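[1] Provide a 3D model corresponding to the input given below.
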Amino acid sequence: MTARTRKDAPSGAGSASNGPAAETEPGPGEESFETSLSELAAIVEERHADAALKREGLCNAGIMAFDAARLGTLLDALELRQPKSEYYLTDAVEHARGRGWSCVAREMPWLEAIGINSQAQLAEAEAVLQDRLRQAAMAAGVTLIGPETVFLAADTELEEDVEIGPYVVFGPGVHVAQGARILPFCHLEGVSVDQGAQIGPFARLRPGSTIGAGARVGNFVEVKNATLEPGAKANVGAGTITCNYDGFAKHRTDIGAGAFIGSNTALVAPVTVGDGAVVGAGSTIDRDVPPGSLSIARGRQTDIPDGAERLRARRTAKT
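    Predicted coordinates for the structure are as follows:
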């Protein structure tokens, strides 16, 4: 914006228009204020502003408040502006001044008024937000190892003594309770992680999942719409997934307290693994596993003496 003010300008009471301005040089697509000491004279589109105005004027924060009794008159006075044949609401300032009505600009920190007119400016605003969220989390007692690599959602809830490793991404709807650890390269969205649980590294927790107190979700594990009871262990090694979608509907998986799920296991929902059960690595589990059971669901290994040599001989003969 550009603003022009007078020393005797009113503080806002009885003015026709009142809006915030930021102390920064306007960027592409932003507007400038033209002022005369304290009273707003005009708000000028970036494409219409001259070099002096861009250099010395305040930047429009994009918020305007009007005297409702005068607003209709000001809107009726707006005209199409070139080159895009647009109506500029900001022209209402000049129309108000032309009628002798005062207009006031309020200054505010530039970080509160970042304009977003491009993907690059969106990235800049996101960086400001992420820095605030990280600082707030650390001030509340959360340990961020490599804070600049951790990305938080606006509603992420991290309790005291939570530890977050590098390159962790939080989508919306995540709550992590006291003392939990999220190891590097994890992605969480729409999940609850209870006290003392440990996630990752390289784990993905998807919406509808609850990780109980003290539970362990290992590396390269994907969990969705599943409950891990307190003390459960999901994955020793890599590759455990909860298969919740059958092509028609989504189902839940429940893993009991103290259960142990071996690497590369597929849990085909709806399915429950009982308390203290052990599932062998590489299993595909499509029925409930009773508490305390050892379940193995995979093809039996067959060893053929001298089979490798005979196989090579047959292949060689074909060539």
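
[2] So residue 250 versus residue 208, what's the distance?
    Distance of residue 250 to residue 208, given as Cβ to Cβ, to the nearest Å: 8 Å. C-betas here are computed from N, CA, C, even on glycine.

[3] Which one of those two is surrounded by more residues?
    Set residue 250 next to residue 208 and count neighbours by other Cβ atoms under 10 Å: residue 208 wins out with 18 against 13.

[4] Surely the more buried one is in contact with residue 189?
    No - using Cβ atoms under 8 Å, residue 208 makes no contact with residue 189, being 9.9 Å away.

[5] one step back: common neighbours of residue 250 and residue 208, please.
    residue 225 (Cβ atoms under 8 Å, 6 or more residues apart in numbering).

[6] Tell me which residues touch residue 297, please.
    The contact partners of residue 297, taken as Cβ under 8 Å, 6+ apart, are 280, 283-286.

[7] who touches the residue nearest to it when sequence neighbours are not counted in this structure?
    Counting by Cβ to Cβ, 6 or more residues apart in numbering, residue 297 lies nearest to residue 283, which is 4.2 Å off, once chain neighbours are set aside. Contacts for residue 283 (Cβ under 8 Å, 6+ apart) come out as 262, 265-266, 295-298.

[8] ok, now with 10 Å
    When contacts are counted by Cβ atoms under 10 Å, 6 or more residues apart in numbering, residue 283 touches 240, 261-267, 289, 295-298.

[9] Same check on residue 272?
    Taking Cβ under 10 Å, 6+ apart as the test, what residue 272 contacts is 227, 252-256, 259, 285, 287-291.

[10] Distance check, it against residue 287.
    9 Å.

[11] which one of the contacts of residue 297 has the most neighbours?
    Of the contacts of residue 297, with other Cβ under 10 Å as the count, residue 285 tops at 23 neighbours.

[12] can you pull out the strands in the stretch 1-150 of the chain?
    For the stretch 1-150 of the chain, the strands defined by DSSP state E, counting those that start in this stretch cover 2-3, 17-22, 31-36, 39-45, 58-60, 65-66, 80-81, 86-87, 103-108, 143-144.
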